[in-house]
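**Q** When you get a sec, could you give me coordinates for this:
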Amino acid sequence: MDDILVPKERRDAVVFVGVDRAENVEFIKVYAVSEETAKVTLEEFFSAKGLFPAEYRLVSRGIEEVGDRRAITTRSESSLAAALARLGLRLLSNGVLYLDGIENLYQFTLVSEALYERITSEGPQRARVRNLKGIML
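**A** Residues are numbered from 1 along each chain as shown. A predicted model of the protein is given here:
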């Protein structure tokens with residue numbers, strides 16, 4: 001694979017990242033044409049960015065149907081961008097993945113241990129707040 005960090009048109013894999021204000025990578029999502037390509041892409045990304053895999057937690061992986069999508073871009077991932085924005089992260093990618101002739105993609109989703117702890121520690125509190133609001137209404 002060419003320089004993994006250079007944004008460009010791609011046909012094998014694309015990497016999406018969620019970065020905080022200090023440009024720390026807190027979220028990683030790789031879409032690829034196969035599991036092997038996804039693994040290689042993820043390894044190259046970690047190496048190019050100087051990141052340590054042990055600092056990230058795999059939260060999702062598997063096959064996704066392409067459906068009627070023709071490409072995967074930051075614009076097509078608007079719900080992901082919105083979810084990351086609620087966490088104070090900005091969505092970036094290393095390009096556009098064109099899906100001509102592709103029916104399924106393999107994906108890996110990882111979050112930093114720090115983000116994982118933040119999300120899981122906030123989860124029960126948010127649920128309690130919603131429950132309290134429900135009682136008050």
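**Q** got the contact list for the closest residue to residue 66 other than its chain neighbours?
**A** Spatial nearest neighbour of residue 66, chain neighbours left out: residue 99 (5.1 Å); criterion: Cβ to Cβ, 6 or more residues apart in numbering. The C-beta positions use only the backbone N, C-alpha and C, and glycine is treated the same way. By Cβ atoms under 8 Å, 6 or more residues apart in numbering, residue 99 lies in contact with 66, 69-72, 105.
**Q** ok, so what distance separates the closest residue to residue 98 other than its chain neighbours from residue 102?
**A** Sequence neighbours aside, residue 71 is the residue nearest to residue 98 in space, at 5.1 Å (criterion: Cβ to Cβ, 6+ apart). Applying Cβ to Cβ, to the nearest Å, the value for residue 71 to residue 102 is 10 Å.
**Q** what do you get for residue 69?
**A** Residue 69 is 9 Å from residue 102, by Cβ to Cβ.
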